[in-house]
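> here is my input; please provide its structure:
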Amino acid sequence: GKKSLRQKVVDELKHYYHGFHLLWIDTKVAARMVWRLLHGQVLTRRERRRLLRTCADLFRLVPFLVFVIVPFMEFLLPVFLKLFPEMLPSTFETESKKEEKQKKKLNAKLELAKFLRETIAEMAKRNKADTG
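Sure, this is the predicted structure:
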């Protein structure tokens, strides 16, 4: 059914609460990784990616906090998110946005694979014509 305005507001508040909570957890884990790096340990590829993602999220948080701190600016947040979809930290993404991003990446990979297949087929035809 259709949600009431109060329920929509509560759902959005929960979403942002969970996003901040996840960002806090990621920040704590990233701080431990930085500590390990400073003491000469090597990070795995997965840990390195997580550290980079968390650092990027923290840098994205700065413009996002402007919307939270300045009164009534949160009404402009949807406009800025439409203009700059990568502005929000990754912990604030909804499942539908994640799926949409994965579909775009998959389509791009499929297009690249199709291009490479056609290129290889064309090269094979040229080589066959040159040798035959």
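> can you report how many residues lie near the residue nearest to residue 90 when sequence neighbours are not counted?
Closest residue to residue 90 apart from its sequence neighbours, by C-beta to C-beta, 6 or more residues apart in numbering: residue 57 at 5.5 Å. The way it works is simple: take the backbone N, C-alpha and C, and place the C-beta from them, glycine included. The local packing of residue 57 (other C-beta atoms under 10 Å) involves 21 other residues.
> pretty sure residue 57 contacts residue 87?
No - here residue 57 lies out of contact with residue 87, judged by C-beta atoms under 8 Å, at a distance of 11.0 Å.
> host element of residue 55?
helix 45-69 (DSSP states H and E).
> likewise for residue 104?
Counting by DSSP H and E, the element that carries residue 104 is helix 95-131.
> give me the number of residues near residue 92?
Neighbours of residue 92 (other C-beta under 10 Å): 20.
> what pLDDT does it get?
As predicted, residue 92 sits at a pLDDT of 77.
> please name the nearest non-neighbouring residue to it.
residue 19 (3.8 Å).
> could you check how far residue 72 is from residue 94?
For residue 72, the distance to residue 94 (C-beta to C-beta, to the nearest Å) stands at 24 Å.
> of those two, who's got more company?
For residue 72 versus residue 94, neighbours defined as other C-beta under 10 Å are more numerous around residue 94 (11 against 7).
> OK, contacts around the more buried one?
Contacts of residue 94 were listed using C-beta atoms under 8 Å, 6 or more residues apart in numbering, and they are residue 15.
> any idea how far residue 8 lies from residue 116?
For residue 8, the distance to residue 116 (C-beta to C-beta) stands at 46 Å.
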